[in-house]
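Asker: Using only what follows, build the 3D model:
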Amino acid sequence: MTTHLRVLEPGFPASFESALHRFFSPTQFDVGVQPLQMRLDVSEKDNAYQVKADLPGVKKEDINVRIDGNVVQIDAEIKQEKETKGDGGKMLRSERYYGSVSRNFSLSQDVDDSKAQARYADGVLTLDLPKKATSASKKVTVQ
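Answerer: Here you go, the predicted model:
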């Protein structure tokens, strides 16, 4: 008597496993373009702070830096440029972000804003922020 039973292999073929893996793997949904982000590096020396901020695509005229005591605020804006396609062409996809970004942070010591310096080159804003000299505490005699 002949049987038509076959031995079932314990694992699935590799092609089925990879298809199953692709089916259940996390997918990337296009939920919109991520807004412009400003990444910062802040370092400290004995008498000054140095801040480096990545601001690609920003013109230096569109960057504002404010210092109030130990609080530093950096604002930047990327202005939209009209993009047209000649000869009846059309924009199929645009992922570039236009808008403004702002970061503020506090430092452990006040900044001498009269000596602060800012440079912008190759998409990186560099701030040199000297620390304000701390006044020594004064003892007051009680009369």
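
Asker: switch to C-alpha atoms for all contacts and neighbour counts from now on
Answerer: Fine.

Asker: partner strands of the strand or helix carrying Phe105, parallel or antiparallel?
Answerer: According to DSSP states H and E, Phe105 maps onto strand 99-106. Strand 99-106 pairs in its sheet with strand 71-78 (antiparallel), by DSSP bridges.

Asker: outside of the partner strand, which residues touch it?
Answerer: Defining contact as CA atoms under 8 Å, 6 or more residues apart in numbering, one finds that strand 71-78 is touched by 55, 57-59, 62-67, 97-107, 110.

Asker: again, only using 7 Å
Answerer: 57-58, 62-67, 98-107 (CA atoms under 7 Å, 6 or more residues apart in numbering).

Asker: as a whole number, average confidence for it?
Answerer: What strand 71-78 shows for mean pLDDT is 92.

Asker: mind saving the C-alpha coords of it as PDB?
Answerer: In PDB, the C-alpha atoms belonging to strand 71-78 read as follows (Å, rounded to 0.1, in the frame of the first residue of the first chain):
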ATOM      1  CA  VAL A  71      20.300  82.300  29.600                       C
ATOM      2  CA  VAL A  72      21.200  82.100  25.900                       C
ATOM      3  CA  GLN A  73      18.600  82.000  23.100                       C
ATOM      4  CA  ILE A  74      19.300  81.300  19.400                       C
ATOM      5  CA  ASP A  75      16.700  81.900  16.800                       C
ATOM      6  CA  ALA A  76      17.100  81.100  13.100                       C
ATOM      7  CA  GLU A  77      14.800  81.200  10.100                       C
ATOM      8  CA  ILE A  78      15.000  79.600   6.700                       C
END
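
Asker: got the contact list for Ile63?
Answerer: Asp75, Ala76, Glu77.

Asker: on that earlier part again, list the buried residues in the helix or strand following the strand holding Phe105.
Answerer: Per DSSP H and E, the first helix or strand lying C-terminal to strand 99-106 is strand 117-121. Neighbour counts using 16 or more other CA atoms under 10 Å place Tyr120 of strand 117-121 among the buried residues.

Asker: Which residues outside the strand holding Phe105 are in contact with it?
Answerer: Leu36, Gln37, Asn70, Val71, Val72, Gln73, Ile74, Asp75, Ala76, Glu77, Ile78, Lys79.
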